[in-house]
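Undergrad: okay, sequence plus prediction incoming.
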Amino acid sequence: MTNFQEQKIRRKGILKKMLRWLIRIVVFILVVYLAACAYFFSVAELRNSENDKNYTYTGVPASLKPYVKDFQKRYQASGERVTIKNDGLKLDAYYLPAGKATNKTVIIIHGFRRNKTGMKAYTDMFANLGYNTLTVDNRGHGKSQGHYVGFGWLDKGDVEAWIRYLISKNKNVEIVPFGISMGGATVAMMSGDSLPSNVKALIEDSGYTSVEAEITYEAKAMYNLPQKPFVSTVSLISKLFAGYSYTEASSIKQVEKNTRPMLFMHGGADSYVPTKMVYQLYNADKDPEKQLWIAPNSGHVQGFGDHPSAYTAQIKKFLNLYFR
């Protein structure tokens, strides 16, 4: 064997070793990348203990604690827990009738990794305005079943099931869905669906334009991660396990189809769901009776706590146009 042939064989051996190492490195990087995506998916969508805590007074500003105390008294006197089944899941809610008999009913929807126990101040506010209230636990939260967070896209179907429940109890019921943060997005997402005529108006507070936009914003803000390919991969994992992709879960596309009066509310200094998103939603809504209210200098879902009187007055003024 000549020196040339020996060198050629050695080079082939070296190239094979390099290729094996390169494959190992690529596989390692891919495994780490997919593990990171799976971790982010678990943080974003898997149910955990945060979803099930009692938030009656957790994070409640002093301005709203009297509302919470008042709710406790009302609920002990006349409230009840109600449940329904939807999409194979048992869903839980508080029902509180108004002090005076009425058909007017608000469905109250909480935000991400919270539950109905954190919505008592809002429930009392609507009770003060003379409305029956149904305060729900989203799937995967509180007393409701479910392993995944729906980010509004799965929850809208559950709220529509609650609407059918209310109609089954009273065919003349007049309904307004109200939600904050993820609950606000739920309201926006259901606005483009074919809803019963019993739904007279909608109110969303601090909802996002789409799950993709919000997850992309949070991934960048918290971890400095890019939309592509990272968020796109997490979206694919969501589609495989939770049944929906971030791209399809769009509030703004649904709002474009809305035909009902809708009040858009947002904190003027929201850095969690950027304030610009509410303007995008408002501009997408073609209904002529839409309204917009920005809570001055308020952070995420802080409008009610910072400005309880103005917040309540805005909602009352809006609803008085459609409910008597």
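TA: Structure's in. What do you need?
Undergrad: dihedrals phi and psi, the nearest residue to His147 once chain neighbours are set aside?
TA: Distances taken as CB to CB, 6 or more residues apart in numbering place Arg47 nearest to His147, at 5.3 Å, with adjacent residues excluded. Backbone N, C-alpha and C define where each C-beta goes, glycine included. Main-chain dihedrals, Arg47, degrees, to the nearest 10: phi -60, psi 140.
Undergrad: Arg47 and Ala98, how far apart?
TA: The gap separating Arg47 from Ala98 is 33 Å, by CB to CB, to the nearest Å.
Undergrad: what is the subsequent helix or strand relative to the helix or strand hosting Ala93?
TA: Assigned by DSSP states H and E, Ala93 belongs to strand 89-96. Downstream of strand 89-96, the first helix or strand assigned by DSSP H and E is strand 104-109.
Undergrad: how about the very next helix or strand once past that following strand: buried residues?
TA: Helices and strands here follow DSSP H and E; after strand 104-109, the next one along the chain is helix 120-128. Residues of helix 120-128 classed as buried: Lys120, Ala121, Tyr122, Thr123, Asp124, Met125, Phe126, Ala127 (neighbour count, 16 or more other CB atoms under 10 Å).
Undergrad: look up how far Tyr67 lies from the fifth one.
TA: Applying CB to CB, one obtains 4 Å for the distance of Asp124 from Tyr67.
Undergrad: one more: the third one?
TA: Taking CB to CB as the measure, Tyr122 falls 8 Å from Tyr67.
Undergrad: show me the contacts for the residue nearest to His147.
TA: Gly140, His141, Gly146, His147, Tyr148, Val149 (CB atoms under 8 Å, 6 or more residues apart in numbering).
Undergrad: pull out the buried residues from those residues.
TA: Gly140, His141, Gly146, Tyr148, Val149.
Undergrad: strands of the chain, start to end?
TA: 80-86, 89-96, 104-109, 132-136, 174-180, 202-205, 262-267, 291-295 (DSSP state E).
Undergrad: Glu256: which of the ones you listed is closest?
TA: strand 262-267 (11.9 Å; CB to CB).
Undergrad: how far off strand 174-180 does the closest one point, in degrees?
TA: 20 degrees (axes from the mean of the first three to the mean of the last three CA atoms, to 10 degrees).
Undergrad: look up phi and psi at Asn224.
TA: phi 60, psi 40.
Undergrad: and it, what does it touch?
TA: Contacts of Asn224 by CB under 8 Å, 6+ apart: none found.
Undergrad: state the distance from it to Val273.
TA: 19 Å.
Undergrad: for the stretch 1-150 of the chain, give me the ranges with low pLDDT.
TA: 1-10 (pLDDT under 70).
Undergrad: go with 90
TA: Applying pLDDT under 90 to the stretch 1-150 of the chain picks out residues 1-23, 25-27, 29-30, 33-34, 36, 40.
Undergrad: wait, which of the buried residues of helix 120-128 is closest to Met277?
TA: Tyr122 (20.6 Å).
Undergrad: you'd agree the closest one is up against Gly303?
TA: No - the criterion here is CB atoms under 8 Å, and Tyr122 misses it with Gly303 at 11.0 Å.
Undergrad: dump the strands of the chain into a markdown table; add mean neighbour count and distance to Ala249 as well.
TA: As requested, these are exported to a markdown table (neighbours: other CB atoms under 10 Å; distance: least, CB to CB, whole Å):
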| stretch | mean neighbour count | distance to Ala249 |
| --- | --- | --- |
| strand 80-86 | 14 | 18 |
| strand 89-96 | 20 | 18 |
| strand 104-109 | 26 | 15 |
| strand 132-136 | 27 | 19 |
| strand 174-180 | 27 | 15 |
| strand 202-205 | 28 | 15 |
| strand 262-267 | 26 | 19 |
| strand 291-295 | 19 | 23 |
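Undergrad: nearest residue to Asn54 other than its sequence neighbours?
TA: Thr117 (5.0 Å).
Undergrad: same deal with Glu160?
TA: Using CB to CB, 6+ apart and skipping the chain neighbours, the partner closest in space to Glu160 is Met190 (6.3 Å).
Undergrad: can you count the residues close to the one you found?
TA: 27 (other CB atoms under 10 Å).
Undergrad: do the one 10 residues further on as well
TA: Neighbours of Lys200 under the rule other CB under 10 Å: 18.
Undergrad: distance check, it against Thr123.
TA: In terms of CB to CB, Lys200 sits 19 Å off from Thr123.
Undergrad: and what of Ser298?
TA: Distance from Ser298 to Thr123, by CB to CB: 20 Å.
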